[in-house]
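Participant: I'd like to go over a predicted model; first the sequence, then the structure.
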Amino acid sequence: MTTTTRPAEPVTAAAPARRSGPAGLALRQGRLEIRQFLRSRESVVFTLGFPLIMVLIFASIFDEEITPGVSYTQYFITGMIATGLMTVSFQNLGIWIPIERDRGVLKRYRGTPMPKWVWFAGKVIMVLVTGVVMTALLLAVSVTLFDLELPTTTTAWVTFGWVSALGVTACTLCGIAISSLARTARSGSAVVTPVALVLQFISGVFFVFTNLPSWMQQVAALFPLKWMCQGLRAVFLPESFGADEPGGSFELTRVAVVLGVWCVIGLVLCLTTFRWTTRRDG
């Protein structure tokens with residue numbers, strides 16, 4: 001996805017460097033990233049609108065039960081929450097960072113006195129804020145129009161919190177890492193979007209995971225989205241549905257381990273592959 005919106009100049013964020021502490025710098029950069037995101041209507045509509053549109057379409061068409069007491073709508077909505085979190089982190093960053101790199105914005109950031117980590121902190125803050133807004137919208141629509149029942153126990157909300165946090169962290173790091181594969185601003189969407197779509201189809205978002213071919217389940221199990229979906233099903237679906245999962249339960253310990261491993265993998269990839277300049281800049 002491309003946009004004509006011009007990214008904010010890095011000098012604006014770097015000016016207060018001598019007067020602000022680390023937290024102040026991060027918050028200023030976060031506000032700058034959020035404003036920049038909101039100025040691009042295309043990005044706002046795609047990032048926040050896509051999960052909502054998918055819920056409205058699929059939940060309106062398919063309303064049968066997949067197991068006694070669990071409707072397809074309930075199952076699909078949990079997958080779309082995970083997909084939405086992946087969209088605001090992995091897909092959004094994987095598309096936008098090449099645009100900023102191609103326009104020389106990252107190169108100018110690197111030349112300012114602002115510590116490099118502040119730029120990354122700003123991206124993380126933008127992802128977190130956008131993710132919270134997107135999740136709130138999805139839950140509001142699902143509860144209002146499709147009778148989704150929110151968790152009623154503290155344990156369920158805690159599970160929702162750590163699954164979302166680990167999932168967003170892993171997807172954010174992987175989004176920053178995959179942005180280095182795009183050679184130009186226009187190729188960012190071509191690199192990231194197919195990966196995101198394939199993961200959605202094989203990870204139990206659009207189809208019940210156990211109905212997929214076994215080889216597809218095994219491939220999906222290598223990536224974070226499948227485990228994000230499974231962890232969120234433990235929050236929004238009855239405990240009895242765990243018996244219908246591939247492992248015979250929701251396997252929350254394994255969910256935490258896999259997502260944690262992907263956080264480490266994503267961090268290593270970021271540290272070893274991230275580039276501030278394009279290949280033609282040398």
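Facilitator: Perfect, I can see it now. Remember, predicted model here, so these are calculated numbers, not experimental data.
Participant: For the residue nearest the centre of the chain, give me its contacts.
Facilitator: Residue closest to the average C-alpha location in the chain (CA atoms, centre = their mean): Met86, at 2.3 Å. Residues near Met86 by CB atoms under 8 Å, 6 or more residues apart in numbering: 167, 171, 196, 199, 224-225, 228. Every residue, glycine included, has its C-beta placed from N, CA and C.
Participant: which other residues reach stretch 93-100?
Facilitator: Here stretch 93-100 has contacts from 1-3, 7, 43, 106, 123, 127, 172, 175-176, 178-179, 182, 184-185, 187-189, 191-193, using CB under 8 Å, 6+ apart.
Participant: what do you get for stretch 242-253?
Facilitator: Counting by CB under 8 Å, 6+ apart, 67, 159, 209-210, 217, 230-231, 233-234, 254 sit against stretch 242-253.
Participant: Show the end-to-end separation of that stretch, please.
Facilitator: 13 Å (CA to CA, to the nearest Å).
Participant: State the mean pLDDT of it.
Facilitator: Averaged across stretch 242-253, pLDDT comes to 91.
Participant: swap in stretch 153-173?
Facilitator: The average pLDDT within stretch 153-173 is 95.
Participant: What residues sit buried inside it?
Facilitator: Judged by neighbour count (16 or more other CB atoms under 10 Å), stretch 153-173 contains these buried residues: 159-160, 163-164, 166-173.
Participant: for the nearest residue to Gly204 once chain neighbours are set aside, what are its contacts?
Facilitator: Nearest non-adjacent residue to Gly204, counting by CB to CB, 6 or more residues apart in numbering: Cys229, 4.9 Å away. If a contact means CB under 8 Å, 6+ apart, then Cys229 has 78-79, 82, 203-205, 209 as its contacts.
Participant: picking up where we left off before, which one of the contacts of Met86 is nearest to Leu271?
Facilitator: Cys171 (17.0 Å; CB to CB).
Participant: host element of the closest one?
Facilitator: helix 154-178 (DSSP states H and E).
Participant: Counting neighbours, which bits of stretch 179-192 end up buried?
Facilitator: By 16+ other CB under 10 Å, the buried positions in stretch 179-192 come out as 179-180, 182, 185, 188-189, 191-192.
Participant: how far out from the middle of the chain is stretch 82-93?
Facilitator: With CA atoms, centre = their mean, to the nearest Å as the basis, stretch 82-93 stands 2 Å off its chain's centre.
Participant: before we move on, what about stretch 259-266?
Facilitator: With CA atoms, centre = their mean, you get 14 Å for stretch 259-266.
Participant: buried stuff in it?
Facilitator: By neighbour count on 16+ other CB under 10 Å, the buried set for stretch 259-266 is 259, 262-263, 266.
Participant: Show me those that map onto helices.
Facilitator: Within the buried residues of stretch 259-266, residues falling in helices by DSSP state H are 259, 262-263, 266.
Participant: can I get those in a markdown table with distance to Ala23 and pLDDT?
Facilitator: Putting those into a markdown table (distance: CB to CB, whole Å; pLDDT from 0 to 100) gives the following:
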| residue | distance to Ala23 | pLDDT |
| --- | --- | --- |
| Leu259 | 26 | 97 |
| Trp262 | 27 | 96 |
| Cys263 | 22 | 96 |
| Gly266 | 24 | 94 |
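Participant: Dump those to a markdown table, plus distance to Arg275.
Facilitator: Below are those laid out as a markdown table (distance: CB to CB, whole Å):
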| residue | distance to Arg275 |
| --- | --- |
| Leu259 | 26 |
| Trp262 | 22 |
| Cys263 | 21 |
| Gly266 | 16 |
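Participant: before we move on, the earlier item: what's the next secondary structure element after whichever strand or helix holds the residue nearest to the centre of the chain?
Facilitator: Assigned by DSSP H and E, Met86 falls within helix 72-86. Next helix or strand after helix 72-86 toward the C-terminus (DSSP H and E): helix 92-102.
Participant: Convert the helix or strand immediately after that next one in the chain to PDB, retaining C-alpha atoms only.
Facilitator: Per DSSP H and E, the first helix or strand lying C-terminal to helix 92-102 is helix 105-110. C-alpha atoms of helix 105-110 as PDB (Å, rounded to 0.1, in the frame of the first residue of the first chain):
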ATOM      1  CA  VAL A 105      13.300   9.800   6.400                       C
ATOM      2  CA  LEU A 106      15.200   7.000   8.300                       C
ATOM      3  CA  LYS A 107      18.500   8.300   6.900                       C
ATOM      4  CA  ARG A 108      17.700  11.700   8.300                       C
ATOM      5  CA  TYR A 109      16.700  10.300  11.700                       C
ATOM      6  CA  ARG A 110      20.000   8.500  12.000                       C
END
